[in-house]
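Asks: Quick one, fold the following:
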Amino acid sequence: MTEDNHSLTTEFILIGFTDNPDLKTLLFMVFFAIYLITMVGNLGLVSLIFIEHRLHTPMYIFLANLAIMDACCCCAIIPKMLQNFLSEDRMISLHECMVQFYFFCIAETVDCCLLTSMAYDRYVAICSPLQYHTMMSKQLCIKMIIGAYIAGNGHSMIHVTLLLRLTFCGSHQINHFFCDVLPLYRLSCVDPYINELMIHIFAGSIQIFSITVVLISYFYILFTIFKMKSKEGRGKALSTCASHFLSILLFYGSLVFMYIRPSSAKEGDKDIPVAIFYTLIIPLLNPFIYSLRNKEVINAIKKIINKRKPHSILKQISFPIIN
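Replies: Numbers count the residues shown, from 1 in each chain. You can find the predicted model right below:
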């Protein structure tokens, strides 16, 4: 096929999940609830960390930025998806598609870097607790966060620029609920070999580096924990790492399956279930994973609730004594 025989596509149709009106209504309610819970959970966690001075430590600063990125990912994807549930017109322009993928890619890349930084933070906290404030200073923490955002922006710009080199003709139906890179490759009338190669090089390099740092960090963490004589100390050390390790398993497992598996660009039948997991479910779960098993976060929530109770306010009011 040549470009002369086909009109170039500047708009796409997001096929989404189903055309059944009843199912669309049900799915709208489900995903709207997921959107609200995700935004409240993540932005609430960010606010809690900002308000509570005891949480102004590197681990929680990383966690706050992770929550911001999870909220950003949801904002980039879910509003358009909800609109498509209520509208027969499921069109999205090429430029809107690029913007959606740009913010999605930033969020996922920054998340990857932050989870790596959090693994290093846990390694220092458990393996070198006396040197923690020296090895994991706030200046280093800020540099890591800035580096994560620079890496996320650079990674997104590379793939958006490579997408713009493609031309789309013929079919303009994206078999997905958002503009992900792999479904767009399948619609290209130009061979996307370079794009696929760059995905494997850049995304693969970032994930391999991150996973390597995480594995090395947790090897030393577990070695240090098993050397501890106190059962209480071992339990406390494991509990501080459990939430982070669970997030890592969920996040990297889904991304590796989606983008690094062989023939990932050609197989479209598994895209949507996996994409739902890493774009919607993980951002939904992260605030609860880090809150429900974290005593410092729970204590900070209790402190704020107690401050707002009526009886605590009444105690602060002094009444004149009447003789």
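Asks: Do a quick rundown of the helices in the stretch 101-250 of the chain.
Replies: Per DSSP state H, counting those that start in this stretch, the stretch 101-250 of the chain carries helices over the ranges 132-135, 138-164, 181-187, 193-198, 204-227, 231-255.
Asks: Of all those helices, which one is nearest Asn65?
Replies: helix 138-164 (5.6 Å; Cβ to Cβ). For glycine as for every other residue, the C-beta is placed from the backbone atoms N, C-alpha and C.
Asks: residues of the closest one that come out buried?
Replies: Judged by neighbour count (16 or more other Cβ atoms under 10 Å), helix 138-164 contains these buried residues: 140-141, 144-145, 148-149, 151-152, 155-156, 158-160, 162-163.
Asks: name the helices or strands packed onto it?
Replies: When contacts are defined as 3 or more Cβ pairs under 8 Å, 6 or more residues apart in numbering; DSSP states H and E, helix 138-164 packs onto helix 58-86, helix 94-127, helix 181-187, helix 193-198.
Asks: what is the mean pLDDT for the longest one?
Replies: pLDDT averaged over helix 94-127 equals 93, rounded to a whole number.
Asks: before we move on, back to that, the helices and strands packed on helix 138-164: which one's closest to Arg234?
Replies: For Arg234, the closest of those is helix 94-127, at 10.4 Å, according to Cβ to Cβ.
Asks: And the closest one, what's buried?
Replies: Within helix 94-127, the residues scored as buried using 16+ other Cβ under 10 Å are 94, 97-98, 100-127.
Asks: cool, and stretch 49-61?
Replies: For stretch 49-61, burial by neighbour count (16+ other Cβ under 10 Å) applies to 49, 52, 55, 57-61.
Asks: Between which two of those is the distance greatest?
Replies: Using Cβ to Cβ, the pair of the buried residues of stretch 49-61 lying farthest apart is Glu52 and Pro58, separated by 14.9 Å.
Asks: which residues sit in contact with Asp121?
Replies: Asp121 makes contact with 58-59, 62, 136, 141, according to Cβ atoms under 8 Å, 6 or more residues apart in numbering.
Asks: quick revisit: highest average neighbour count across the helices of the stretch 101-250 of the chain?
Replies: Greatest average neighbour count among these goes to helix 181-187 (a mean of 20), per mean count of other Cβ atoms under 10 Å.
Asks: For it, C-alpha coordinates in PDB please.
Replies: The C-alpha coordinates for helix 181-187 follow below in PDB (Å, rounded to 0.1, in the frame of the first residue of the first chain):
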ATOM      1  CA  VAL A 181       1.800   3.000  21.600                       C
ATOM      2  CA  LEU A 182       1.400  -0.600  20.600                       C
ATOM      3  CA  PRO A 183      -2.100  -0.300  19.100                       C
ATOM      4  CA  LEU A 184      -0.900   2.800  17.200                       C
ATOM      5  CA  TYR A 185       1.900   0.700  15.600                       C
ATOM      6  CA  ARG A 186      -0.700  -1.700  14.300                       C
ATOM      7  CA  LEU A 187      -2.500   1.100  12.500                       C
END
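Asks: mind checking which of the helices and strands packed on helix 138-164 is nearest Ile289?
Replies: Comparing the helices and strands packed on helix 138-164 against Ile289 with Cβ to Cβ, the closest turns out to be helix 58-86 (10.4 Å).
Asks: Now do stretch 46-66: distance from first to last residue.
Replies: Length of stretch 46-66, first residue to last, Cα to Cα, to the nearest Å: 9 Å.
Asks: His244 is nearest to which of the helices and strands packed on helix 138-164?
Replies: helix 94-127 (5.4 Å).
Asks: How far off centre is that closest one?
Replies: 7 Å (Cα atoms, centre = their mean, to the nearest Å).
Asks: Out of the helices and strands packed on helix 138-164, which is closest to Ser239?
Replies: Across the helices and strands packed on helix 138-164, the minimum distance to Ser239, taken as Cβ to Cβ, is reached by helix 94-127, at 11.3 Å.
Asks: Where in the protein is the helix or strand with the lowest mean pLDDT?
Replies: Taking mean pLDDT, DSSP states H and E as the measure, helix 310-315 is the helix or strand of the chain with the lowest mean score, a mean of 49.
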